[in-house]
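Student: With the sequence up front, the predicted model follows.
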Amino acid sequence: ESVGKEEKLLCQQEIGYPEIPMVELQSKSKKTNVNKWTLHLCQEQIAASTAAASDLSVHEDPLAANYGDIPLVELQSKTIVDVNEWTPVENLDHSFANQPVKIRGRVHSKPLTTNNMTFLVIREFGFTVRCLVQEQPDSVSFQMVKYAAELIPESIVDVEGVVFIREAPIKDEYAQQVEIQVRKLHCVSRATSNLPINLKDAAVETEKAIQ
């Protein structure tokens, strides 16, 4: 019983409780065992508090349902998908202005990222469209912008948003008037982070070779 009290006292001091006078242990072997037990207990508490903080940050986001990875179980369900809900990227034009659309494609590139917004270029069968994920109080959270910025190129994603027509396209390699202002973003399949080459890099190398 005395050893049990000593263990508790030692652990309390290790994890930052107010200082408590230590009771000297009867033997060196007992002290060694207590130290090992204390270290193990403190490591468990640190791991638990870290995990809790991570879960809390997710649950605190009221817009968390608008983004994230689609669980494998959901992907393997036998629910029939209505393909008419999806809009092919190649069909996006001025006629879709201010209309809600849903597309699926690969993350081709991320040309620009700031604290409250990020651009994603989504590719489907060789056609691309630029998508803007910008912080909005009712639909897009800061966490969602961060999630979009961390997506790995060639990952497959589902994008839901509203088509926006720019009067003057942004001057970059994907200068387009048609743009999607993202409201929901879910990753269907994440690409590996160490791909030897992606389609964008291959296209650049081919273009250089032709020149």
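Tutor: Structure's in. What do you need?
Student: Pull the number of nearby residues for the residue nearest to residue 152 when sequence neighbours are not counted.
Tutor: Counting by CB to CB, 6 or more residues apart in numbering, residue 152 lies nearest to residue 191, which is 4.8 Å off, once chain neighbours are set aside. Any C-beta I mention is one placed from the backbone N, CA and C, and that applies to glycine too. Counted with other CB atoms under 10 Å, the neighbours of residue 191 add up to 16.
Student: Next one: residue 191 from residue 107, what distance?
Tutor: From residue 191 across to residue 107, the span is 8 Å (CB to CB, to the nearest Å).
Student: Now for the two: what residues contact both?
Tutor: Between them, residue 191 and residue 107 share these contacting residues under CB atoms under 8 Å, 6 or more residues apart in numbering: 152-155.
Student: can I assume residue 127 is in contact with residue 89?
Tutor: Yes. When contacts are counted by CB atoms under 8 Å, residue 127 is listed as touching residue 89 (4.4 Å).
Student: who's more crowded, those two?
Tutor: Remark: of residue 127 and residue 89, residue 89 carries more neighbours, 21 against 13, as counted by other CB under 10 Å.
Student: Which residues lie in contact with the residue nearest to residue 152 in this structure?
Tutor: Residue 191 makes contacts with 106-107, 152-156, as judged by CB under 8 Å, 6+ apart.
Student: how does it look with 10 Å?
Tutor: The contact partners of residue 191, by CB atoms under 10 Å, 6 or more residues apart in numbering, come to 106-107, 151-156, 198.
Student: Which ChimeraX command selects the buried ones in these?
Tutor: The buried residues among these can be selected in ChimeraX (16 or more other CB atoms under 10 Å) with this line:
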select :106,107,151,153,154,155,156,198
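Student: Format the contacts of residue 191 as JSON lines; extra columns: pLDDT and secondary structure.
Tutor: As requested, the contacts of residue 191 are exported to JSON lines (pLDDT from 0 to 100; DSSP: H, G, I helix; E, B strand; the rest coil):
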{"residue": "106", "pLDDT": "96", "secondary structure": "strand"}
{"residue": "107", "pLDDT": "96", "secondary structure": "strand"}
{"residue": "151", "pLDDT": "95", "secondary structure": "coil"}
{"residue": "152", "pLDDT": "93", "secondary structure": "coil"}
{"residue": "153", "pLDDT": "93", "secondary structure": "coil"}
{"residue": "154", "pLDDT": "94", "secondary structure": "coil"}
{"residue": "155", "pLDDT": "95", "secondary structure": "coil"}
{"residue": "156", "pLDDT": "95", "secondary structure": "strand"}
{"residue": "198", "pLDDT": "55", "secondary structure": "coil"}
